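Enquirer: pasting the sequence and the predicted coordinates here, then a few questions.
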Amino acid sequence: MGNFFTSLFSGSSESPEESKAKEDKKNFDIFKYDGVRAQKIGQVTYAIKCFLEALKIQSDFETMGYLAVAYTSVNQLEEASQVYDQMVEAEPDHLSTWITRANLAYMMERYESVIEGTTYVIEKDNTLANAFYLRGKAYQGLSDLLNALADLTRTIALKDDYTEAYLSRAEVLQGMRQADEALTDVEKALELSPEEEALYLLRGQIHESQDNLDAAHEDYQYVLDLNPFNEDAYVMKGKLLIKQGKPAEAADLFTDAIELKPDFAKAFAERGRAYTLLGKSKEALEDLKQAIELDPQGEEAKKIEGQHTNFDDMYKGGIF
């Protein structure tokens with residue numbers, strides 16, 4: 001009877017604790033779903049703030065997942081990694097989260113972490129092709145080619161239409177000087193993904209290793225026909241032209257690349273090499289300067305670090 005009169009005159013029979021829990025739930029939902037809406041329309045910074053506020057109110061696995069994705073999308077990889085750590089601790093049997101976490105670790109070149117995480121997944125379920133694939137890629141990153149080959153082979157056994165696995169295994173086989181086997185994998189991958197640029201570039205490199213230079217040239221050119229902005233194709237084709245004793249053609253090629261992409265540091269460096277072979281030391285030096293200015297942490301800058309006091313000495317020092 002007392003509860004009846006309390007309800008009648010106060011309008012509510014809720015205790016303060018119940019009222020607070022209800023308010024918290026309401027605020028949690030507001031922050032969470034405002035964050036989801038913001039994320040969908042590209043307002044990622046605001047979405048992150050919303051998810052963080054929601055998680056202050058209540059720990060929620062789904063919201064942590066949204067937050068990790070948001071962090072990743074704005075390249076805050078360390079923050080995303082910390083969230084995934086919390087997620088696998090909260091739900092250790094949620095294997096897809098372990099795989100997502102391992103994929104992020106691979107992006108961050110934390111190969112040992114990738115191996116640790118994917119091994120955990122494989123011990124729980126040895127039928128997941130992407131777990132073997134990621135572990136194989138991590139072994140490849142560590143130059144452990146035998147283990148990489150084993151895992152990539154297992155990946156393909158589990159999923160025989162896995163284009164990326166064929167590509168990666170071909171890279172490993174090429175690294176092991178098994179060009180014929182590598183070429184077989186590339187051809188299979190091309191059947192699955194006939195316009196994948198990376199496959200033609202790798203096939204071109206394999207052809208080069210077999211001294212089939214005309215075939216290599218065709219593959220590099222095909223990629224440029226598919227995508228005139230592919231930087232790797234320019235570099236590979238230009239280096240091949242130099243190898244074939246055609247530095248003038250290489251210089252022209254890199255000039256075309258620079259016209260398309262004026263910030264293409266590697267093209268300046270490679271054109272500089274071509275100019276050196278043509279006896280154009282002044283132009284070579286200017287290109288080297290430009291390459292280093294565009295990419296002060298790049299390969300060319302590292303080559304000369306601590307070796308020269310000024311640019312005028314670089315050419316004399318034999319940088320090219």
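Expert: Arrived safely, thanks for sending.

Enquirer: domain ranges for the chain?
Expert: As recorded under automatic domain parsing, the domains making up the chain are 15-91, 249-320.

Enquirer: in CSV: those, plus mean pLDDT and mean neighbour count.
Expert: Where you see a C-beta, it was placed from the backbone N, CA and C, and this is true even at glycine. Output for the domains of the chain, formatted as CSV (pLDDT from 0 to 100; neighbours: other Cβ atoms under 10 Å):
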stretch, mean pLDDT, mean neighbour count
domain 15-91, 94, 16
domain 249-320, 82, 17
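
Enquirer: make JSON lines out of these and add distance to residue 173.
Expert: Output for these, formatted as JSON lines (distance: least, Cβ to Cβ, whole Å):
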{"stretch": "domain 15-91", "distance to residue 173": "30"}
{"stretch": "domain 249-320", "distance to residue 173": "26"}
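
Enquirer: so which of those gets nearest residue 194?
Expert: Proximity to residue 194, assessed across the domains of the chain by Cβ to Cβ, is greatest for domain 249-320 (24.7 Å).

Enquirer: and that closest one, how far out from the chain's middle?
Expert: Using Cα atoms, centre = their mean, to the nearest Å, the mean C-alpha position of domain 249-320 is found 27 Å from that of the whole chain.

Enquirer: which residues does residue 101 contact?
Expert: Residue 101 sits next to 81, 84, 85, 87, 88, 117 when contact means Cβ atoms under 8 Å, 6 or more residues apart in numbering.

Enquirer: tell me the contacts of the fifth one?
Expert: Taking Cβ under 8 Å, 6+ apart as the definition of contact, the neighbours of residue 88 are 94, 97, 98, 101, 117.

Enquirer: dump the C-alpha coordinates for the helix or strand it falls within into CSV.
Expert: For residue 88, the enclosing helix or strand under DSSP states H and E is helix 77-90. C-alpha atoms of helix 77-90 as CSV (Å, rounded to 0.1, in the frame of the first residue of the first chain):
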residue,chain,number,x,y,z
LEU,A,77,46.8,3.2,-35.1
GLU,A,78,48.3,3.1,-31.6
GLU,A,79,45.0,4.1,-30.1
ALA,A,80,43.2,1.6,-32.2
SER,A,81,45.6,-1.1,-31.1
GLN,A,82,44.9,-0.3,-27.4
VAL,A,83,41.2,-0.7,-28.0
TYR,A,84,41.6,-4.0,-29.7
ASP,A,85,43.8,-5.2,-26.8
GLN,A,86,40.8,-4.4,-24.5
MET,A,87,38.4,-6.1,-26.8
VAL,A,88,40.3,-9.4,-26.9
GLU,A,89,40.7,-9.3,-23.2
ALA,A,90,37.0,-8.8,-22.7
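
Enquirer: so what secondary structure elements neighbour whatever helix or strand residue 26 lives in?
Expert: According to DSSP H and E, residue 26 maps onto helix 16-40. On a contact count with 3 or more Cβ pairs under 8 Å, 6 or more residues apart in numbering; DSSP states H and E, helix 16-40 meets helix 44-57, helix 61-73.

Enquirer: what angle do the last one and helix 44-57 make?
Expert: The directions of helix 61-73 and helix 44-57 differ by 150 degrees, with axes from the mean of the first three to the mean of the last three Cα atoms, to 10 degrees as the criterion.

Enquirer: what angle do helix 61-73 and helix 16-40 make?
Expert: 30 degrees.

Enquirer: contacts for helix 61-73?
Expert: Residues from elsewhere that reach helix 61-73 (Cβ under 8 Å, 6+ apart): 32, 35-36, 39, 44, 47-48, 51-52, 54-55, 77, 79-80, 83-84, 86-87, 90-91, 94, 97, 100, 104.

Enquirer: in PDB, list the C-alpha atoms belonging to it.
Expert: What follows is helix 61-73, C-alpha atoms only, in PDB (Å, rounded to 0.1, in the frame of the first residue of the first chain):
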ATOM      1  CA  PHE A  61      32.100  -4.400 -26.800                       C
ATOM      2  CA  GLU A  62      30.300  -3.200 -29.900                       C
ATOM      3  CA  THR A  63      31.100   0.500 -29.100                       C
ATOM      4  CA  MET A  64      34.700  -0.400 -28.600                       C
ATOM      5  CA  GLY A  65      34.700  -1.900 -32.100                       C
ATOM      6  CA  TYR A  66      33.300   1.200 -33.600                       C
ATOM      7  CA  LEU A  67      35.900   3.300 -31.800                       C
ATOM      8  CA  ALA A  68      38.800   1.100 -33.000                       C
ATOM      9  CA  VAL A  69      37.500   1.400 -36.600                       C
ATOM     10  CA  ALA A  70      37.200   5.200 -36.200                       C
ATOM     11  CA  TYR A  71      40.800   5.400 -34.900                       C
ATOM     12  CA  THR A  72      42.100   3.300 -37.700                       C
ATOM     13  CA  SER A  73      40.400   5.400 -40.300                       C
END
